[in-house]
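Asker: have a look at this prediction, sequence included:
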Amino acid sequence: MGIIYFLIVFIATTAGAVAGVGGGVIIKPALDAIGQYTVETIGILSSIAVFSMAVVATVRRVIKGLILDIKIVLLAIGSIAGGLLGKELFYTLTSSMDSSLVKLIQAIIIMLLMVLILFKDRMKRHCIDNNIVVFIGGLVLGLLASFLGIGGGPVNVAILYLYLGMDIKKAATGSILIILLAQAAKLISITATVGFTAYDLSMLWYIIPAGIIGGFLGSVLHLKLNEKAVGIVFNSTVILVILICLFNIATAIIA
């Protein structure tokens, strides 16, 4: 099983670093489909994997001369606050609902978001300059990402592309930074409150190296690929997530 987890995280984080999708959007539903862990443990494993990837990918981009856009910084700050709210919402639901029902709700929301994002090129693009609106957008992004346990990558990219006037490559870079800060805040919050002793984290020996390698390889590919190629990786990832979510939803309904 360790090799399976390594491959899932490696593929997800490589694609995540290339297209800014983070990887959690693949890791979360894929681990749900395996069904080995509780929804709470899956959320932790996904967050740590995505954080490992985001650290490596961001360092690589900084070395290559990353220039921060103020809008990305505001989104990131908003996503940190939203991430903390999303974490509280998640724990509130998991304490009052059956784990399988929470997984079903998450799968349905993720699938609907991915379907909308898949058709982003058919939507009208804007360039929002109001910093307060940008911050609130980050708040919503962080809440969704934390509650769903996906890191928020595809949603980040879509928002940066559709509403902040960025091309797909710049949006991917901004998304990775937002993911890094949001996941760091989430993990620090867990460390300071409930801790990690209640979770089975034995797979971290496979997940963390996979996230690091995926983050490095993906960041290298991101710099080499053109905008069209990055867009293809992004759309392919979204389609894969939709298919996995459909499987999870069907499995939950049948069960």
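Answerer: Yes, it's here.
Asker: what's the nearest residue to Asn235 if we skip its chain neighbours?
Answerer: Spatially, and ignoring its direct neighbours in sequence, Asn235 is nearest to Leu118 (6.6 Å; Cβ to Cβ, 6 or more residues apart in numbering). All C-beta spots, glycine's among them, are computed from the backbone N, C-alpha and C.
Asker: now that neighbour: how far from Ile239?
Answerer: 7 Å (Cβ to Cβ, to the nearest Å).
Asker: in the strand or helix carrying Ala17, what counts as buried?
Answerer: For Ala17, the enclosing helix or strand under DSSP states H and E is helix 2-19. Buried residues in helix 2-19, counted by 16 or more other Cβ atoms under 10 Å: 5-6, 8-19.
Asker: over to stretch 239-252?
Answerer: Of the residues in stretch 239-252, those buried by neighbour count under the rule 16+ other Cβ under 10 Å are 240-242, 244-245, 248-249, 251-252.
Asker: now that stretch, how far from the centre of its chain.
Answerer: From the chain centre to the centre of stretch 239-252 is a distance of 17 Å (Cα atoms, centre = their mean, to the nearest Å).
Asker: alpha carbons of it, as PDB, please.
Answerer: The C-alpha trace of stretch 239-252 is given here as PDB (Å, rounded to 0.1, in the frame of the first residue of the first chain):
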ATOM      1  CA  ILE A 239     -11.300  15.700 -15.700                       C
ATOM      2  CA  LEU A 240      -9.500  13.000 -13.700                       C
ATOM      3  CA  VAL A 241     -10.900  14.500 -10.500                       C
ATOM      4  CA  ILE A 242     -14.400  14.500 -11.900                       C
ATOM      5  CA  LEU A 243     -14.100  10.800 -12.700                       C
ATOM      6  CA  ILE A 244     -12.800   9.900  -9.300                       C
ATOM      7  CA  CYS A 245     -15.600  11.900  -7.600                       C
ATOM      8  CA  LEU A 246     -18.200  10.100  -9.700                       C
ATOM      9  CA  PHE A 247     -16.800   6.800  -8.600                       C
ATOM     10  CA  ASN A 248     -16.800   7.800  -5.000                       C
ATOM     11  CA  ILE A 249     -20.400   9.200  -5.200                       C
ATOM     12  CA  ALA A 250     -21.600   6.000  -6.900                       C
ATOM     13  CA  THR A 251     -19.800   3.800  -4.300                       C
ATOM     14  CA  ALA A 252     -21.400   5.800  -1.400                       C
END
